[in-house]
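Student: Quick check, what structure comes out for this input:
(2 chains)
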Amino acid sequence: MATLPPPVSYEMSSITMGREVRRRTIWLSLMGAFIFDMLPWHDLQGVPDLVALAVLFWSIHRPFRFSVGSAFCAGLLLDAANGVLLGQHALACSALAFAGNELSRRILGFGLGAQAFHVGALLLVGQLLMLIVRIAMGGTFPGLSWFASSLIATLFWPLASFAYRFGHDVGHSVDESQ
Amino acid sequence: MEARTPPLFLRGPTPFVRLLFFGALSLVLMVFDARFGYVEPLRDSLLWFSYPLQRVASLPSDIFNSVSGFFVSQSRLQQDNGSLRRERLRDAERLLAIEALRAENSNLRSLLAAREPLTSRSLVASIAYVGRDAFSRKVIIDKGSQAGILAGHPVIDSGGVIGQVTRVHPLLAEVTLIIDKDQATPVRVLRNGLRGVAFGTGDGATIELRYMAMNAEIAVGDTLVTSGIDSVFPAGLPVATVSRIDRDATMQFARVVCTPTGEPGSNREVLVVETDMPDLAPYPSDDSTAARSVRPGRRSRGR
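Tutor: This next block holds a predicted model:
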């Protein structure tokens, strides 16, 4: 983690001073995550919920662009497609976006490892919300292995960060060359 | 405007206010969905957005299937062909017997002036995707109301009943598998006609007969078939075989665990049986005193 730029400058460049991420990029990444979620996984355990991760990612990296409302829409679409209780993922995604927005500056101040740790904890909280809702509606506890998907999704955080920063750098260099 | 306002205040409502608003909206949606079923139109319209994405997601496996089908070897094909031919011969013999029995049965029924049993057609559909939900067992099939599927239709595979259509969209339909905890299938024991209701146990592989008396005459190995008294499932489709019975004297009922004869969730092609639903008695009006007690042949789902 020593290679990362110092926290404060990274935070400044990424939130306030950086080139604004296009809305299209955000929605394309959400669509990609959605398609990943809809792949024919059948009953495979521990498949990460990339939509939740994408929601968290953008609400942390772009708190002004991506907030609770967009997260709610993404969650609602996931609910409808999976045929689950309408509002279950929407609630979890809203909560994740809120936490991401609020903790954005704090989380971006850490190195990638600590960031991933925070993200994992937040994703677990999101799953816990869904668990509470479903048990309140008469479901049964699906077993601890259900939470594995959050832990596996955490591993995608550094990948997403690298891809984001790579895209960012490329964008900058294109701008400068013009 | 933008130049004069500091960017910090362009955010509109604070995240907390938004969370309160959208959190409350989610809760309202969930209650309306679970208790009243008012949000089906919203779900339908959302599915129009997710449908193209889902098609893209199923492309890789579709391509893989068609490509692997192209490269299948000739010996394998011959082998399949041979076994299919043998099966067809065996089935043809049974079919002949069934045709004779059916003719005899309808004769006897007309003698008794009894109502004809449910007639049914069937429709092959393939599983589009499996719902990502650890709390329920549902699959989404690639045919919907445009193909004539209605909510309530039974879904079978080559082994027997695997589920029931619970929601219909013009292009897709949602099938709740019999291993779902909340899915009830009316069955009877083939050997002696003992009736019961089978629910999923929730472990994803077995179903259980609930409310079976401690001394009910049922044994390991018994075959359960649909009873047909619900007017939704055609009678006589195999559902499961009894695999374990716990008769614990401290419990009120015997615990009867059964293994489905079909393979819910593990095959790609399923058969939707389109039953002609008989004319059901109308739903009881608000004049509840007389009507509450009689509600024949409603869908076997709880709501």
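Student: And for B:A235, the neighbour number?
Tutor: When neighbours are defined as other C-beta atoms under 10 Å in any protein chain shown, B:A235 has 15 of them. The way it works is simple: take the backbone N, C-alpha and C, and place the C-beta from them, glycine included.
Student: thought it was touching B:L190?
Tutor: No - B:A235 is beyond contact range of B:L190, at 11.0 Å (criterion: C-beta atoms under 8 Å).
Student: Need the residues touching each of the two.
Tutor: Counting by C-beta atoms under 8 Å, 6 or more residues apart in numbering or on different chains, the shared contacts of B:A235 and B:L190 are B:V225.
Student: give me the low-pLDDT residue ranges for chain A?
Tutor: A:1-21, A:170-178 (pLDDT under 70).
Student: let's see 90
Tutor: Applying pLDDT under 90 to chain A flags residues A:1-26, A:37-47, A:62-67, A:81-85, A:111, A:113, A:134, A:136-146, A:149, A:162-178.
Student: top helix in it by residue count?
Tutor: helix A:148-177 (DSSP state H).
Student: if I look at B:L171, how far off is B:D44?
Tutor: 10 Å (C-beta to C-beta, to the nearest Å).
Student: Now do the shared contacts for these two.
Tutor: Counting by C-beta under 8 Å, 6+ apart, B:L171 and B:D44 have no common neighbour.
Student: Show me the domain layout of chain B.
Tutor: Domain ranges of chain B: B:16-70, B:184-260, per automatic domain parsing.
Student: For those domains, give me JSON lines that also has distance to chain A and mean pLDDT.
Tutor: Shown next, in JSON lines, are the domains of chain B (distance: least, C-beta to the nearest C-beta, whole Å; pLDDT from 0 to 100):
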{"stretch": "domain B:16-70", "distance to chain A": "4", "mean pLDDT": "87"}
{"stretch": "domain B:184-260", "distance to chain A": "5", "mean pLDDT": "88"}
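Student: For these, please prepare CSV with the additional fields distance to B:V175.
Tutor: Listed next are these as CSV, based on distance: least, C-beta to C-beta, whole Å:
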stretch, distance to B:V175
domain B:16-70, 15
domain B:184-260, 13
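Student: Out of the ones you listed, which is the most enclosed?
Tutor: domain B:184-260 (a mean of 17; mean count of other C-beta atoms under 10 Å in any protein chain shown).
Student: Go through the longest helix of chain A and flag the buried ones.
Tutor: Buried residues in helix A:148-177, counted by 16 or more other C-beta atoms under 10 Å in any protein chain shown: A:149-150, A:152-154, A:156-157, A:160-161, A:164, A:168, A:171.
Student: what pairs with the residue of the stretch 151-300 of chain B found nearest chain A across the strands?
Tutor: Closest contact between the stretch 151-300 of chain B and chain A, by C-beta to the nearest C-beta, is at B:E174 (4.5 Å). As for beta bridges, B:E174 partners with B:I140, B:R167 under DSSP bridges.
Student: Would you enumerate the residues in contact with it?
Tutor: A:83, B:131, B:138-141, B:165-168.
Student: any idea which element B:S126 lies in?
Tutor: In the assignment (DSSP states H and E), B:S126 maps to strand B:120-130.
Student: and that strand, anywhere near chain A?
Tutor: Yes - Strand B:120-130 reaches chain A (C-beta under 8 Å from any C-beta of the partner chain) through B:129-130.
Student: Pull stretch B:256-276 out as PDB, backbone CA atoms only.
Tutor: Extracted in PDB, the C-alpha atoms of stretch B:256-276 (Å, rounded to 0.1, in the frame of the first residue of the first chain):
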ATOM      1  CA  VAL B 256     -42.700 -37.400   6.800                       C
ATOM      2  CA  VAL B 257     -39.800 -36.400   4.600                       C
ATOM      3  CA  CYS B 258     -40.000 -37.100   0.900                       C
ATOM      4  CA  THR B 259     -37.700 -36.800  -2.100                       C
ATOM      5  CA  PRO B 260     -39.100 -35.300  -5.200                       C
ATOM      6  CA  THR B 261     -39.200 -37.600  -8.200                       C
ATOM      7  CA  GLY B 262     -38.600 -34.800 -10.600                       C
ATOM      8  CA  GLU B 263     -35.500 -32.700 -10.400                       C
ATOM      9  CA  PRO B 264     -36.600 -29.200  -9.300                       C
ATOM     10  CA  GLY B 265     -34.000 -26.600 -10.300                       C
ATOM     11  CA  SER B 266     -31.500 -28.800 -12.100                       C
ATOM     12  CA  ASN B 267     -32.800 -29.200 -15.600                       C
ATOM     13  CA  ARG B 268     -33.200 -26.700 -18.400                       C
ATOM     14  CA  GLU B 269     -36.400 -27.800 -20.100                       C
ATOM     15  CA  VAL B 270     -39.700 -28.000 -18.200                       C
ATOM     16  CA  LEU B 271     -43.200 -28.700 -19.300                       C
ATOM     17  CA  VAL B 272     -46.000 -26.300 -18.300                       C
ATOM     18  CA  VAL B 273     -49.300 -28.100 -18.000                       C
ATOM     19  CA  GLU B 274     -52.100 -25.900 -19.100                       C
ATOM     20  CA  THR B 275     -55.100 -27.100 -17.300                       C
ATOM     21  CA  ASP B 276     -58.500 -25.900 -18.200                       C
END
